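Visitor: Turn this into a structure:
(one chain, ligands or ions: 1)
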Amino acid sequence: MIPSDVKATLSFSDGSPNMDLPLYKGTIGPDVIDIRKLYAQTGKFTYDPGFLSTASCNSTITYIDGDKGELLYRGYPIEQLATSCDYLETCYLLLYGELPNPAQKEEFVARVTNHTMVNEQMQFFLRGFRRDAHPMAVMTGLVGAMSAFYHDSTDINNPEHREIAAIRLIAKMPTLVAMAYKYTVGQPYIYPKNDLSYAGNFMRMMFATPCEDYKPNDVLVRAMDRIFILHADHEQNASTSTVRLCGSSGTNPFAAIAAGVACLWGPAHGGANEAALNMLEDIQRNGGVAKIGEFIKQVKDKNSGVKLMGFGHRVYKNYDPRAKLMRETCHEVLDELGLHNDPMFKLAMELEKIALEDEYFVARKLYPNVDFYSGIVQRAIGIPVPLFTAIFSLARTVGWIAQLNEMIGDPEYKIGRPRQLFVGSTARNVKPIGER
Ligand code: SDX
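Guide: Residues are numbered from 1 along each chain as shown. Alright, predicted model coming up:
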């Protein structure tokens, strides 16, 4: 953080003493006003539910310029990473700050590959769930349960433990997601195969059966790998902030990541891809493109509670760059599968076109986000809708770990403990029940 030569002066109209607040500059992005001493010096808190104007930390990992629609992982534009790198290179970048050279990549891929199996006991957890359990319920349980298996990597303050826990989580998430899927369809689990790529191995564990050989389709594997890259990290979003706050208590990495999985499940966050596809299917069922106008009217009616899922973003007030890349991937996958006339994709593009020309959305700077097209691609690949967010959690695990490790590695970090504006009852006495 670079101290700014600009100061902020806080003054009060009731004559309370003024207070000078230091400002800090980042390398890019908005400056921050340092309020760490505010309460001690004024007895007052700031108030910012939803943290619309609050920086919770300083970070070197991901930068988003919401106005420009720009996303950088460690300074590299997402467009370049999505077209020139694969997911494990991106994992290396997010974890260690630089893209790997060939030798570093080979060593990292080998380490991840050799941790893709899970303990055989894990399958007995799944048996406790109903077959129709939502995959995110299963994933929340399985990821948290990992802390019961890897006692040699649960001390978050030990750098070696953090390192091996990171490798285990990145390596095992695809295996766990595929197991959660196989359990719901009643098929046997497929073990990882070490001679396949990360995304190819995931596709095989998802779609292979013991009855015949499975040959991953290279276009679909590349699309899956790109979906992983696009979802890998996104600065201090709700689930990442959850992981940081949870990890700040010193809990083990698996428990902190499980908290991130639970938060991502919400429809306002990672659950939006499932909700966006369900929304498109509803419109399709009720008449398709001809009914878009009626649906948009519902969205504009605040009392309807209907939102255009996959649209809008707390930070992007322009087109989410990931949505553009996801739309391209849509084209590639649908062409590969001979589905270029896929009605759902046509409906989505028509809905996007109408929304982007509609004053309601333009005025509120509501653009498609990463979730708008990701569901269509995953559905075309054969991923069942309830599994979309589980795949989002698979991809985001590396971002959560990188952010968690950055926090724990900062000697200044403290346990997170926000305060509040109390508007409840002042002290009062309990009356005997007969007098209440
Ligand atoms: C992700 O934070 C991240 O980085 C998250 C994420 C990541 O990679 O980690 O990018 C992943 O979560 C993407 C977002 C996925 N969510 C959805 O697609 C769900 C639909 N979108 C909305 O719920 C909403 O846009 C949010 C939650 C994403 C953002 O909400 P904000 O920033 O709190 O904005 P807001 O709700 O205050 O909206 C501003 C206005 C409001 O109208 P007014 O009160 O000004 O009249 O826009 C309206 C909102 O009602 N609005 C929408 C809308 N999103 C916002 N109206 C209709 N449809 C929508 N989708």
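Visitor: by contact count, what packs against the biggest helix by length in the chain?
Guide: Longest among the helix segments of the chain by residue count, using DSSP state H, is helix 159-185. Applying 3 or more CB pairs under 8 Å, 6 or more residues apart in numbering; DSSP states H and E, one finds that helix 159-185 contacts helix 102-113, helix 122-127, helix 135-145, helix 198-207, helix 253-264, helix 388-408. Using the backbone N, CA and C atoms, a C-beta is placed for each residue, glycine as well.
Visitor: Measure how far the direction of that helix deviates from that of helix 102-113, in degrees.
Guide: 50 degrees (axes from the mean of the first three to the mean of the last three CA atoms, to 10 degrees).
Visitor: sorry, back to before: how about the helices and strands packed on helix 159-185 in CSV, adding distance to Asp225 and mean pLDDT?
Guide: Conversion of these to CSV gives the following (distance: least, CB to CB, whole Å; pLDDT from 0 to 100):
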stretch, distance to Asp225, mean pLDDT
helix 102-113, 13, 98
helix 122-127, 25, 94
helix 135-145, 20, 96
helix 198-207, 4, 98
helix 253-264, 20, 97
helix 388-408, 10, 97
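Visitor: Buried ones in stretch 266-276, by neighbour count?
Guide: Within stretch 266-276, the residues that qualify as buried are 267, 269-276, counting by 16 or more other CB atoms under 10 Å.
Visitor: Alongside the ligand, which residues does the stretch 201-350 of the chain contribute?
Guide: 234, 237, 268-270, 272, 299, 307-315 (CB under 6 Å from any ligand atom).
Visitor: give me the residue from the protein nearest the ligand.
Guide: Gly312 (2.3 Å; CB to the nearest ligand atom).
Visitor: Excluding chain neighbours, give the residue nearest to that residue in space.
Guide: Closest residue to Gly312 apart from its sequence neighbours, by CB to CB, 6 or more residues apart in numbering: Leu366 at 4.4 Å.
Visitor: and that neighbour, what does it touch?
Guide: Going by CB atoms under 8 Å, 6 or more residues apart in numbering, Leu366 touches 308, 311-312, 355, 360.
Visitor: For it, pull up the helix or strand it's in.
Guide: Leu366 is part of no helix or strand when elements are defined by DSSP states H and E.
Visitor: Could you do Ser4 as well?
Guide: strand 2-10.
Visitor: Give me the residues contacting that strand.
Guide: Counting by CB under 8 Å, 6+ apart, 18-26, 31, 33, 38, 42 sit against strand 2-10.
Visitor: Secondary structure and neighbour count added to those residues, as TSV?
Guide: Listed next are those as TSV, based on DSSP: H, G, I helix; E, B strand; the rest coil; neighbours: other CB atoms under 10 Å:
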residue	secondary structure	neighbour count
Asn18	coil	10
Met19	strand	16
Asp20	strand	9
Leu21	strand	16
Pro22	strand	16
Leu23	strand	16
Tyr24	strand	14
Lys25	strand	15
Gly26	coil	15
Asp31	coil	15
Ile33	strand	18
Leu38	helix	16
Thr42	helix	15
